[in-house]
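In: Okay, predicted coordinates and the sequence, questions at the end:
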Amino acid sequence: MSIGVGIFLMVLGAILAFAVETDVPGINVNALGVILMLIGLVAAFYSLLFWSSLTPWGRRRVETRRRMVGLEEEPVDIIEERPPPLDDGLP
């Protein structure tokens with residue numbers, strides 16, 4: 001789930017919990033709204049936690065050894081790191 005789905009579920013849950021006043025037999029609409037808000041909150045938090053470039057799970061570091069053919073030098077260690085996120089000045 002993405003952050004958009006989480007926000008959508010939170011909005012839908014808030015509408016059902018606070019704005020809808022109807023009686024449906026066998027379904028408590030207010031409780032359903034609260035449940036949808038909680039699921040949306042968990043989905044948005046999960047999305048921010050695992051797919052953000054600010055978390056340790058989103059960073060990657062690769063170490064490789066390359067040997068140049070034809071040269072009489074020692075192998076060179078190359079460390080490649082993911083570039084930092086772009087800062088375009090938006091809040």
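Out: Perfect, I can see it now. Residues are numbered from 1 along each chain as shown.
In: So which residues make contact with the helix or strand hosting Gly4?
Out: Element membership for Gly4, per DSSP states H and E: helix 3-18. Helix 3-18 has contacts (C-beta atoms under 8 Å, 6 or more residues apart in numbering) with 29-30, 32-48. Glycine gets a C-beta too; all of them are placed from N, C-alpha and C.
In: now with 10 Å?
Out: Helix 3-18 is contacted by residues 1-2, 22, 28-48, 51-52 when judged by C-beta atoms under 10 Å, 6 or more residues apart in numbering.
In: Go through those residues and flag which are in strands.
Out: Using DSSP state E, no member of the contacts of helix 3-18 falls within strands.
In: Going through those residues, which ones are buried?
Out: 32-33, 36-37, 39-40, 43-44, 47 (16 or more other C-beta atoms under 10 Å).
In: Between these, which sits nearest Glu80?
Out: Ser47 (26.6 Å; C-beta to C-beta).
In: Find the nearest non-adjacent residue to that closest one, please.
Out: Ile3 (4.4 Å; C-beta to C-beta, 6 or more residues apart in numbering).
In: pLDDT score for the one you found?
Out: If you check Ile3, the pLDDT there is 85.
In: For it, grab the count of nearby residues.
Out: Other residues within reach of Ile3, judged by other C-beta atoms under 10 Å, total 16.
In: how much space is there between it and Ala14?
Out: 16 Å (C-beta to C-beta, to the nearest Å).
In: Show me where the chain dips below the pLDDT cut-off.
Out: The chain contains residues with pLDDT under 70 at 1, 52-78, 83-91.
In: Select the longest helix from it.
Out: Longest helix in the chain, counting residues (DSSP state H): helix 29-50.
In: No further questions, thank you.
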